[in-house]
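Undergrad: everything below, folded, please.
(chains A and B)
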Amino acid sequence: MSTLLPLAADYIERMANPVFGIATNEDYAIKFGKLLESEDFEARLREEIETLRDTDVLSSHGWLWLFDWAKSTSVDLDQELLLRLFHEWASPFVRAEIVQLATRGFQGETGVNDRTNVFDFPNGFLARIMIDVTRPGEGNNLERERSWGTRAQSVLVAFLQAGSPIALDAASALLRHRWEGQRELLDFFWVLHDSLDPETQGAWFDRLNPPRRFDGES
Amino acid sequence: MVRESLKSPEAFPGRLPFPEKPPAIAPRSLTGYTSHHEQPHAVPYETAEQGLYGVWPYGNKLGGIEVARSQRFAYSPSKVMIGHGIHTAVEQSINLYEDSRLAILLDNVGPYAIKFVRSRWAASYLKPARLKISQTPALTWGTATYVTPLAFPLSSALYGRIGLVSDFDPSGWRVFDATDPAARMAYVNWVRAQPAFSDLVLTVHSTHANHLLRNKFRHDFRIDCVLFHPDQEAEIHTDLGQHVWMAVTDWNPDRSIDSTMSTRFGRARFTVLIDEEFELEDNGLPIQRAARQIERITERILNHHCLEVGQARMDPNLPATVVNFYKNNGYLHVYIKP
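TA: All right, here's what the predicted structure looks like:
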């Protein structure tokens, strides 16, 4: 049962939420920084954060602060927790942060590999996201299919924005994965691609090796 | 340092060794990059720094633009998703400290910086201590330590009455000079090429999105210091066009951006006390130009007198003195003797 973090949550909110203004943010950041300099406080906080499972314990601003702090202090957050946060968040920028946090230290081989698919993807965290977002639907509910398309697009953008080799591999695998929403996802990808300058388009094409437009073939 | 609502959208410890020659490794194993075309992509070095630096393998051409052979660039896997022109424009806006505007700014006074904080922190910095790295999304260039070169000692007095001064070692820093319009445009073009750019401009997440993008930019290009013109002004104390502020990165061992306490500004000490107050907000929004709260009034009162606070406490005539100033439209400045 977490006890320290709920107490710290108020401090964290005041230093991370811009609605309180720069002066308050900075003031509480120094105050919290001084608290963290006490070894006991930091050790207890780390311990609580590593066992954290509840996504409601912090506000959005608080989570963003925690992601930064986890990176700075090499604290590992629970993968299930990160997965739930990934699904709860709408912003691809924040999702990209979660992907980076969940896959940091990934040691496996990376690179464009046409044979890698979402089911045997070398990173379990990213594989679960991809499998979930492309899972076949029940019945022929048009609205649900639309929602799939949007969800898959959002996942794709988050992977691309994360930009790490394993995240880009996941983006590539997602684009090549054959499922009901692939065509819609590819349509979206090519619209995104076409909005870029020609050199960046080339870089994306080289790195992702996407299927050609509309036909689902590489 | 302005919040998003008003302003348009946002270290390595010292120099890293740069390997003499590229080792024979397959780029794919390190970066996952495999080119399908003959393009001059970076070949990463497998160094102790985990391949974060690289060289261009095709002479001294970088996207058709001449660059010095000796110029390092920082390698980051995510840069494989950026066109060479955008990449090159950013790299050209980054100078090693020794060739940067920062070196010129520090030339006369030396490598010292100042940060103003609220009075309550004076005691914490009676002895040298580390500055807190700022994380609030409200700040201009992301998670960093925001300081001002001592060439502009009162420029950031807007933020508090206590000036904390620290020395620092900028040797080998990669400095991005955002006071240069070309550099700012290089950043904007980089932002436009981000996969989630449309979410930045079409959703309500812009404050955090910009914060995270600026962190990503500084991370991907290994920028140790961003120079920028102030975007908030303390009346008379700040010159928006001339003064330069700094956002300095501390790096974690895994090369992500540190958000805890600054090691680069690790010997900050309470050094300046200023008799002035400024408002930071105006109706809930960050203030653009903050008026002096005290001097604006005192300069209009001709009849005044200074009294050291220790003397004032002991002075049996203090009540009478105050009454006298009251009756004669004057004021008494009770000051702290250094």
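
Undergrad: can you pull the buried residues of the longest helix that chain B contains?
TA: Ranked by residue count and defined by DSSP state H, the top helix of chain B is helix B:206-220. Within helix B:206-220, the residues scored as buried using 16 or more other Cβ atoms under 10 Å in any protein chain shown are B:206-220. For the C-beta atoms, the positions are set from N, CA and C on the backbone; glycine is no exception.

Undergrad: same check on stretch A:197-211?
TA: So, applying 16+ other Cβ under 10 Å, buried residues of stretch A:197-211: A:Glu199, A:Thr200, A:Gln201, A:Gly202, A:Ala203, A:Trp204, A:Asp206, A:Arg207, A:Leu208, A:Asn209, A:Pro210, A:Pro211.

Undergrad: ok, now stretch A:23-39?
TA: Applying a neighbour-count criterion of 16+ other Cβ under 10 Å, one finds A:Ala23, A:Thr24, A:Asn25, A:Glu26, A:Asp27, A:Tyr28, A:Ala29, A:Ile30, A:Lys31, A:Phe32, A:Gly33, A:Leu36 buried in stretch A:23-39.

Undergrad: next up, the contacts around B:His248.
TA: Actually, residue B:248 is Val. It isn't His. Residues in contact with B:Val248 (Cβ atoms under 8 Å, 6 or more residues apart in numbering or on different chains) are B:Ala11, B:Ala144, B:Thr145, B:Tyr146, B:Val147, B:Phe168, B:Asp224, B:Cys225, B:Ser262, B:Arg264, B:Phe265.

Undergrad: if we go to 10 Å?
TA: The neighbours of B:Val248, taking Cβ atoms under 10 Å, 6 or more residues apart in numbering or on different chains as the test, are B:11, B:102, B:113, B:131, B:133, B:141, B:144-147, B:168, B:170, B:173, B:175, B:223-226, B:262, B:264-265.

Undergrad: can you check B:Tyr335 too?
TA: Contacts of B:Tyr335 by Cβ under 10 Å, 6+ apart are B:Leu273, B:Asp275, B:Cys306, B:Leu307, B:Glu308, B:Val309, B:Ala312.

Undergrad: try 7 Å this time
TA: By Cβ atoms under 7 Å, 6 or more residues apart in numbering or on different chains, the residues touching B:Tyr335 are B:Cys306, B:Glu308, B:Val309.

Undergrad: Throw the residues you listed into JSON lines and include neighbour count, thanks.
TA: As requested, the contacts of B:Tyr335 are exported to JSON lines (neighbours: other Cβ atoms under 10 Å in any protein chain shown):
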{"residue": "B:Cys306", "neighbour count": "10"}
{"residue": "B:Glu308", "neighbour count": "14"}
{"residue": "B:Val309", "neighbour count": "11"}
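
Undergrad: of those residues, which is the nearest to A:Leu82?
TA: A:Leu82 has its nearest neighbour among the contacts of B:Tyr335 in B:Val309, at 54.5 Å by Cβ to Cβ.

Undergrad: against chain A, how distant is that closest one?
TA: Distance, B:Val309 to chain A, using Cβ to the nearest Cβ, to the nearest Å: 25 Å.

Undergrad: other SSEs contacting whichever strand or helix holds A:Leu185?
TA: Using DSSP states H and E, A:Leu185 maps to helix A:182-194. Applying 3 or more Cβ pairs under 7 Å, 6 or more residues apart in numbering or on different chains; DSSP states H and E, we find helix A:182-194 packed against helix A:142-162, helix A:165-176.

Undergrad: elements contacting the longest helix of chain B?
TA: helix A:92-103, helix B:181-192, helix B:197-202.

Undergrad: winner for burial among these?
TA: Mean neighbour count, computed with mean count of other Cβ atoms under 10 Å in any protein chain shown, is highest for helix A:92-103 among these, reaching a mean of 25.

Undergrad: quick one: low-confidence ranges for chain A?
TA: Counting by pLDDT under 70, the ranges of chain A that qualify are A:1-2, A:112, A:137-148, A:214-218.

Undergrad: doesn't B:Ala178 make contact with B:Arg184?
TA: Yes: assessed by Cβ atoms under 7 Å, B:Arg184 is found in contact with B:Ala178 at 5.6 Å.

Undergrad: now stretch B:229-240: buried residues?
TA: Across stretch B:229-240, burial judged by 16+ other Cβ under 10 Å covers B:Pro230, B:Asp231, B:Gln232, B:Glu233, B:Ala234, B:His237, B:Thr238.

Undergrad: cool, and stretch B:117-129?
TA: Going by neighbour count (16+ other Cβ under 10 Å), the buried part of stretch B:117-129 is B:Val117, B:Trp121, B:Ala122, B:Ser124, B:Tyr125, B:Ala129.

Undergrad: next: stretch A:49-56.
TA: In stretch A:49-56, counting by 16+ other Cβ under 10 Å, buried: A:Ile49, A:Leu52.

Undergrad: just the helices in chain B please.
TA: Under DSSP H, chain B gives helices at B:27-31, B:84-92, B:101-106, B:181-192, B:197-202, B:206-220, B:295-298, B:309-314, B:318-327.

Undergrad: pull the longest one out as PDB, backbone CA atoms only.
TA: Pointing back at helix B:206-220 there. Output of helix B:206-220 as PDB, limited to C-alpha atoms (Å, rounded to 0.1, in the frame of the first residue of the first chain):
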ATOM      1  CA  SER B 206       0.400  21.800 -26.800                       C
ATOM      2  CA  THR B 207       2.100  22.900 -23.500                       C
ATOM      3  CA  HIS B 208       3.300  19.400 -22.600                       C
ATOM      4  CA  ALA B 209       3.900  18.500 -26.300                       C
ATOM      5  CA  ASN B 210       6.200  21.500 -26.700                       C
ATOM      6  CA  HIS B 211       8.000  20.700 -23.500                       C
ATOM      7  CA  LEU B 212       8.600  17.100 -24.600                       C
ATOM      8  CA  LEU B 213       9.600  18.200 -28.100                       C
ATOM      9  CA  ARG B 214      12.200  20.600 -26.800                       C
ATOM     10  CA  ASN B 215      13.600  17.900 -24.600                       C
ATOM     11  CA  LYS B 216      13.700  15.500 -27.500                       C
ATOM     12  CA  PHE B 217      15.400  18.100 -29.700                       C
ATOM     13  CA  ARG B 218      18.100  18.800 -27.100                       C
ATOM     14  CA  HIS B 219      18.500  15.100 -26.400                       C
ATOM     15  CA  ASP B 220      18.700  14.100 -30.100                       C
END
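
Undergrad: between that helix and helix B:181-192, how many degrees?
TA: Orientation check (axes from the mean of the first three to the mean of the last three Cα atoms, to 10 degrees): helix B:206-220 against helix B:181-192 gives 110 degrees.

Undergrad: now helix B:206-220 against helix B:84-92, angle please.
TA: Going by the same axes, to 10 degrees, helix B:206-220 makes 80 degrees with helix B:84-92.

Undergrad: hang on, the earlier thing: need the winner for burial among the helices and strands packed on helix A:182-194.
TA: Of all the helices and strands packed on helix A:182-194, helix A:165-176 has the most neighbours on average by mean count of other Cβ under 10 Å, namely a mean of 25.

Undergrad: A:Leu58 sits in which helix or strand?
TA: Counting by DSSP H and E, A:Leu58 is part of no helix or strand.

Undergrad: kindly report the same for the one 3 residues further on.
TA: Element membership of A:His61 [criterion: DSSP H and E] is helix A:60-73.

Undergrad: got it, and A:Gln201?
TA: Assigned by DSSP H and E, A:Gln201 belongs to helix A:198-208.

Undergrad: run through the neighbouring helices and strands of that helix.
TA: Counting contacts by 3+ Cβ pairs under 7 Å, 6+ apart, helix A:198-208 is packed against helix A:165-176, helix B:84-92.

Undergrad: how about those helices in a markdown table, adding distance to A:Ala9?
TA: Putting the helices and strands packed on helix A:198-208 into a markdown table (distance: least, Cβ to Cβ, whole Å) gives the following:
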| stretch | distance to A:Ala9 |
| --- | --- |
| helix A:165-176 | 29 |
| helix B:84-92 | 38 |
